[in-house]
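Student: need a structure here:
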Amino acid sequence: MAQVTQPVTQSDRSDNSVTLRGMTWDHPRGFDPLEACARAWREQTGVGVLWERRSLQDFESFPVQTLARQYDLIVIDHPHVGQITREQCLLPLDGVARGNQRMALAQHSIGASFDSYVWEGRLWALPIDAAAQVQAFRPDQLAAPVTEWSEVLELARAGRVHCPMRPPHNLMALYTLCGLHGRPAQETGPRFIDLEAGAQAYELLRELLAHLDRNCFAQDPIAVLEAMSRQDSRIACVPLIYGYVSYARRGFRPARIGFADIPVAKPGGMPVGSALGGTGIAVSAWSTQPEAALDFAYWVASDAVQSGIYAAAGGQPGNAAAWDNNIVNAPVFGFYTNTWATLDGAWVRPRHDGYMRFQDLGSQRLLTALRDGEPASTTIAALNQLFCESFRSLV
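Tutor: Purely as a prediction, here's the structure:
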């Protein structure tokens with residue numbers, strides 16, 4: 001079972017009050033805002049929500065079904081929805097009630113965040129956190145963020161670039177580069193990654209990696225941002241990394257990190273095709289207090305909470321009302337407005353039952369290829385084969 005930390009102790013409650021259990025991921029961005037919201041919710045309603053957390057790596061791979069048997073509320077990412085639909089471990093959130101609330105959330109979604117949780121005509125989670133691969137840079141080392149990929153390579157040759165390549169983030173980078181060049185991967189096939197586009201993206205990664213420290217293969221975005229935010233770090237630019245608003249705040253770490261749209265492929269290009277991330281809040285099908293859990297989920301995802309308590313506590317909202325709010329943007333130096341175009345043009349990963357197994361196997365296969373210098377043609381062909389097998393693996 002996943003290792004979790006103990007939840008923050010809340011004040012004693014009466015025996016008659018409702019207490020929900022929730023599971024999120026272990027980072028200030030993932031935990032702190034939900035804790036703040038839980039305190040406010042208890043004050044307003046008397047309902048307690050005790051949040052626990054698991055590691056980022058565990059978050060990306062641990063079975064939702066197992067968590068759903070232990071928790072009322074679960075923070076998930078969208079590629080799990082095909083699997084959880086088969087397992088019937090979460091409650092669909094699109095019943096007759098709350099229609100106006102759902103419509104408002106759909107209209108205020110950042111990019112495809114809301115739609116990414118819709119599968120087979122049902123809604124399985126509400127977006128509370130929006131993310132995609134964006135660019136991180138050191139404002140004290142670069143006068144402005146990099147705008148084109150050729151500039152990235154120039155900085156890399158000078159030893160000023162880094163990139164997280166720990167699985168599955170190496171695969172996310174390949175996805176983003178395919179999309180950036182106008183040919184994103186296909187959600188259903190028959191050919192997942194176009195051979196020409198995939199080879200081009202793979203060679204761009206190899207060219208970049210030739211100038212990076214080999215420890216990038218063991219680092220996820222948090223590890224890279226921690227290294228980058230040291231005062232003496234030489235990392236001036238990370239061209240493809242999931243944005244973390246925490247690091248944009250002055251004082252969070254010794255050096256502040258700026259965030260911007262991903263560098264485009266060529267002059268005049270658009271920052272499109274970034275692999276969508278972010279998280280949504282879901283309700284367990286086995287919750288003994290489903291209405292109380294639904295109430296909290298819809299409240300946390302709402303405009304007012306996302307722009308208020310959630311953002312103020314270090315969250316990275318999934319609601320456009322927060323992204324367009326000057327008060328929300330000011331303390332993070334325009335994190336939201338500066339990356340919004342990338343989020344709006346982001347690509348939604350496949351979500352069929354079996355995709356998560358492919359993501360694990362495919363990113364490990366890509367890691368081996370990049371480390372060993374395997375030719376692009378055999379690597380992309382192997383990824384396409386694994387993807388085809390992912391539709392049959394659970395039959």
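
Student: contacts, neighbours, all on C-alpha from now
Tutor: Noted.

Student: contacts only, for H162.
Tutor: H162 is in contact with A156, L212, D213, C216, V224, I235, C237, V238, P239, counting by C-alpha atoms under 8 Å, 6 or more residues apart in numbering.

Student: nearest to S116, of those?
Tutor: P239 (24.1 Å; C-alpha to C-alpha).

Student: wait, a strand at that closest one?
Tutor: Yes - P239: assigned to a strand according to DSSP: H, G, I helix; E, B strand; the rest coil.

Student: identify the residues contacting it.
Tutor: P239 neighbours (C-alpha under 8 Å, 6+ apart): V134, Q135, A136, V152, V161, H162, C163, I262, P263.

Student: mind redoing it with 7 Å?
Tutor: Contacts were defined as C-alpha atoms under 7 Å, 6 or more residues apart in numbering; by that measure P239 touches V134, Q135, A136, V152, I262, P263.

Student: whichever of the contacts of H162 end up buried, select them in ChimeraX.
Tutor: The following ChimeraX line selects those of the contacts of H162 that are buried, judged by 16 or more other C-alpha atoms under 10 Å:
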select :156,212,216,224,235,237,238,239
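
Student: export the contacts of H162 to a markdown table and append columns for distance to M356 and pLDDT.
Tutor: Below are the contacts of H162 laid out as a markdown table (distance: C-alpha to C-alpha, whole Å; pLDDT from 0 to 100):
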| residue | distance to M356 | pLDDT |
| --- | --- | --- |
| A156 | 32 | 98 |
| L212 | 28 | 97 |
| D213 | 28 | 94 |
| C216 | 23 | 97 |
| V224 | 24 | 98 |
| I235 | 31 | 98 |
| C237 | 30 | 98 |
| V238 | 26 | 98 |
| P239 | 25 | 98 |
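
Student: in TSV: the contacts of H162, plus distance to G308.
Tutor: TSV is the format used below for the contacts of H162 (distance: C-alpha to C-alpha, whole Å):
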residue	distance to G308
A156	39
L212	39
D213	40
C216	36
V224	29
I235	33
C237	31
V238	30
P239	30
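
Student: could you chop this protein up by domain?
Tutor: Here the domain assignment for the chain is 19-131+277-337, 133-275+354-390, based on automatic domain parsing.

Student: quick one: end-to-end distance for the shortest one.
Tutor: With C-alpha to C-alpha, to the nearest Å as the measure, the ends of domain 19-131+277-337 fall 37 Å from one another.

Student: mind listing the strands for the stretch 51-200 of the chain?
Tutor: All strands of the stretch 51-200 of the chain, identified by DSSP state E, counting those that start in this stretch, fall at 73-76, 118-119, 122-123, 126-129, 133-137.

Student: so for G82, which of the ones you listed sits nearest?
Tutor: Nearest to G82, of the strands of the stretch 51-200 of the chain and by C-alpha to C-alpha, is strand 118-119 at 6.8 Å.

Student: how about low-confidence regions in this protein?
Tutor: The model of the chain has pLDDT under 70 over residues 1-16, 56-62, 96, 393-395.

Student: in the stretch 51-200 of the chain, which spans are helices?
Tutor: Secondary structure of the stretch 51-200 of the chain (DSSP state H, counting those that start in this stretch): helices at 56-61, 64-68, 81-87, 99-107, 149-157, 169-180, 195-209.

Student: looking at those, spot the one closest to A255.
Tutor: Between these, helix 149-157 lies closest to A255; by C-alpha to C-alpha that is 19.5 Å.

Student: got the buried residues for the closest one?
Tutor: W149, V152, L153, L155, A156.

Student: which residue packs closest to the third one, ignoring adjacent ones?
Tutor: Closest residue in space to L153, ignoring its immediate chain neighbours: L208 at 6.4 Å, by C-alpha to C-alpha, 6 or more residues apart in numbering.

Student: and if you look at the fourth one?
Tutor: Leaving out its chain neighbours, the residue that sits closest to L155 by C-alpha to C-alpha, 6+ apart is V161, at 6.2 Å.

Student: pairing partners for the one you found in the sheet, please.
Tutor: C237 (DSSP bridges).

Student: quick one on the thing from earlier: would CSV of the strands of the stretch 51-200 of the chain with distance to H169 be doable?
Tutor: Listed next are these as CSV, based on distance: least, C-alpha to C-alpha, whole Å:
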stretch, distance to H169
strand 73-76, 17
strand 118-119, 24
strand 122-123, 26
strand 126-129, 18
strand 133-137, 9
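
Student: need the winner for burial among those strands.
Tutor: Most buried of the strands of the stretch 51-200 of the chain by mean neighbour count (mean count of other C-alpha atoms under 10 Å) is strand 126-129; its value is a mean of 29.

Student: ok now do Y71, which residues does it touch?
Tutor: Taking C-alpha under 7 Å, 6+ apart, we find Y71 in contact with R21, G22, M23, S284.

Student: and the third one, helix, strand or coil?
Tutor: Taking three-state DSSP as the rule, one finds M23 in the strand state.

Student: is it true that it touches V75?
Tutor: Yes - between M23 and V75 a contact is recorded at 6.3 Å, counting by C-alpha atoms under 7 Å.

Student: my read: K266 touches E148, true?
Tutor: Yes - counting by C-alpha under 7 Å, K266 does reach E148; the two are 6.2 Å apart.

Student: quick one, which of these two is more surrounded?
Tutor: Neighbour count, other C-alpha atoms under 10 Å: between K266 and E148, E148 has more, with 18 against 13.

Student: I'd say the more buried one and I262 touch.
Tutor: No - E148 lies out of contact with I262 (C-alpha under 7 Å); the separation is 8.3 Å.

Student: joint contacts of those two?
Tutor: Between them, E148 and I262 share no contacting residue under C-alpha under 7 Å, 6+ apart.

Student: partners of the closest residue to R42 other than its chain neighbours in the sheet?
Tutor: Leaving aside its chain neighbours, R42 sits nearest to G48 (5.2 Å; criterion: C-alpha to C-alpha, 6+ apart). Beta-bridge partners recorded for G48 (DSSP bridges): T19.

Student: what about R392, how many neighbours?
Tutor: The burial count for R392: 10, using other C-alpha under 10 Å.

Student: for E120, that is, sorry about that
Tutor: If we define neighbours as other C-alpha under 10 Å, then E120 has 9 of them.

Student: got it, and A143?
Tutor: Neighbours around A143, by other C-alpha under 10 Å: 9.

Student: with that, I have no additional questions.
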